[in-house]
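Peer 1: Model the structure of this input:
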Amino acid sequence: MTESTPEPAARLWRWKIAGAAIVAVGIVADLWTKDLMQRLLGMSPDNPHGSERQIEVIDGFFRFAGNWNPGVTFGMAAGLTQPILYFTVVACVGISAWLLVTRNSSRVLHVALSLILSGAIGNLHDRVRFQMVRDFIVVYWKDPSIWQWPAFNVADSMIVVGVCSILWLELFGRKREAATGSAS
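Peer 2: Residues are numbered from 1 along each chain as shown. Below is the predicted model of the structure:
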């Protein structure tokens, strides 16, 4: 091992510490943007069907518009707040344990799990506080009546990026390891 290459255990702990930092920054970013958009858009948990105000960012494609999601992805499982809360807590504990005990030194895995965990905690905060999640990012085509993706937030984005990164790692990362002869 060269002098500039850290020992595997030291490299592993660096990724665990970096993962904790990503979780902290991710939670702060999510909750800050939710609070900001709630104020700017006049979102009220007493009016969960949306806000009157909208901010066009890219006309015909992207806007901020407040929405309260009582369910999970795409509004599924609306009204099942308690089971969703329990599942989210169990998932957060499981992901935290995975991050702590994994011996895999893959930075992609650590970053991905950290993103998923921070997004889950951010949405868990909303479910505990409001029994709904604040969504405000809206992507649409020309006019929302033509086509619109369901509203989402920063936490949802972190979860999707994390899951896609793990899928990428599983689909393509192992091929690279086999080709280079390295093992994790």
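
Peer 1: what's the longest helix in this protein?
Peer 2: Criterion DSSP state H: the longest helix present in the chain is helix 8-41.

Peer 1: Return the distance of that helix from the chain's centre.
Peer 2: Helix 8-41 sits 10 Å away from the centroid of its parent chain (CA atoms, centre = their mean, to the nearest Å).

Peer 1: those helices in this structure, which residues are they?
Peer 2: Remark: helices assigned in the chain by DSSP H are 8-41, 81-101, 107-130, 154-168, 174-180.

Peer 1: right, so those helices: which one is the most enclosed?
Peer 2: Neighbour counts (mean count of other CB atoms under 10 Å) averaged over each of the helices of the chain peak at helix 107-130, with a mean of 21. Every C-beta, even on glycine, is put in place using the N, C-alpha and C of the backbone.

Peer 1: who does that one touch, helix- and strand-wise?
Peer 2: Packing contacts for helix 107-130, counted by 3 or more CB pairs under 8 Å, 6 or more residues apart in numbering; DSSP states H and E, involve helix 8-41, helix 81-101, strand 133-141, helix 154-168.

Peer 1: quick check: angle from that helix to helix 154-168?
Peer 2: If you take axes from the mean of the first three to the mean of the last three CA atoms, to 10 degrees, helix 107-130 sits at 150 degrees to helix 154-168.
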